[in-house]
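*Asks:* My questions concern the predicted model and sequence given below.
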Amino acid sequence: GLLYFCIVVGLYGIGFWMPQVIQTFGLRPLEIGFLTVVPSLVAALGMVLWGARSDRTGERIWHISLPLMLGGAAFAWSAFTSPLGLTMVALTLATLGIYAAIGTFWSLPTAILTGAGAAAGIALVNSIGNLAGLVSPAIVGVIRQATDSFTAALLFLAGALLLGAVIALLFGQAQRARAVASPSART
């Protein structure tokens with residue numbers, strides 16, 4: 001649930017704040033609309049290709065962690081770039097990282113949770129994660145208003161994604177330790 005929370009923080013950051021970040025370059029609403037399509041198109045293609053690669057290799061943890069690292073680094077980069085072109089590249093990479101991680105993420109709960117408790121467990125994970133939709137936009141808005149800049153807000157989003165990457169790696173380490181300790185736990 002906490003891992004999904006971190007992913008959703010980034011997802012809401014892109015959805016709510018990317019148009020406003022682009023607006024700081026003095027563009028008209030139609031131009032902003034067209035520019036916000038680009039990261040989504042790249043992310044849609046990347047999500048499918050990354051998910052297919054994860055399915056082909058059977059590896060999940062790195063296929064969640066690496067895109068979150070990319071997204072976190074890209075958010076941090078976008079906080080310090082000034083030309084619109086570089087900012088768009090950074091925001092596109094952040095969007096790509098978030099969506100690539102989401103696709104692979106949902107293979108974890110469905111693989112771990114089975115039986116009668118699976119529906120409740122998946123609902124709990126989803127509920128915890130979606131709490132980010134409540135708190136993340138507010139936190140970013142408060143940071144933005146307090147600093148009169150998107151720099152610290154974008155760094156907050158970067159930190160959330162990087163925390164998610166660490167959580168994914170720790171989860172993978174715990175899974176491996178459990179598998180070694182109990183050979184019957186290998187599935």
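*Replies:* Thanks, I have it. Quick caveat, the model's predicted, so the values are computed rather than measured.
*Asks:* What lies in contact with the helix or strand of the chain with the lowest mean pLDDT?
*Replies:* Here the helix or strand of the chain ranked lowest by mean pLDDT, DSSP states H and E is helix 107-112, holding a mean of 82. Identification of contacts with helix 107-112 by Cβ atoms under 8 Å, 6 or more residues apart in numbering yields 54, 60, 64, 118, 121-122, 125, 171, 187. (C-beta placed from N, C-alpha, C; glycine too.)
*Asks:* Any chance of the backbone angles for residue 83?
*Replies:* phi -70, psi 140 (degrees, to the nearest 10).
*Asks:* May I see the buried residues of the top helix by length along the chain?
*Replies:* Across the chain, the helix with the greatest residue count (assigned by DSSP state H) is helix 151-181. For helix 151-181, the neighbour count (16 or more other Cβ atoms under 10 Å) marks 153-158, 160-165, 167-169, 171-172, 175 as buried.
*Asks:* helices or strands next to that helix in the packing?
*Replies:* The contact analysis (3 or more Cβ pairs under 8 Å, 6 or more residues apart in numbering; DSSP states H and E) places helix 151-181 against helix 2-12, helix 61-80, helix 84-105, helix 132-147.
*Asks:* got TSV for those helices, with mean pLDDT and distance to residue 40 too?
*Replies:* Shown next, in TSV, are the helices and strands packed on helix 151-181 (pLDDT from 0 to 100; distance: least, Cβ to Cβ, whole Å):
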stretch	mean pLDDT	distance to residue 40
helix 2-12	96	12
helix 61-80	96	14
helix 84-105	96	7
helix 132-147	94	18
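*Asks:* Compare those and give me the one nearest residue 42.
*Replies:* helix 84-105 (5.2 Å; Cβ to Cβ).
*Asks:* got the buried residues for the closest one?
*Replies:* Residues of helix 84-105 classed as buried by neighbour count (16+ other Cβ under 10 Å): 87-105.
*Asks:* Helix 151-181 and that helix, what's the angle between them?
*Replies:* 30 degrees (axes from the mean of the first three to the mean of the last three Cα atoms, to 10 degrees).
*Asks:* Show me what helix 84-105 packs onto, helices and strands only.
*Replies:* Partner elements for helix 84-105 (3+ Cβ pairs under 8 Å, 6+ apart): helix 2-12, helix 18-23, helix 29-57, helix 61-80, helix 151-181.
*Asks:* Give me the distance from the third one to the chain's centre.
*Replies:* The reference is to helix 29-57. Computed by Cα atoms, centre = their mean, to the nearest Å, the chain-centroid distance of helix 29-57 equals 13 Å.
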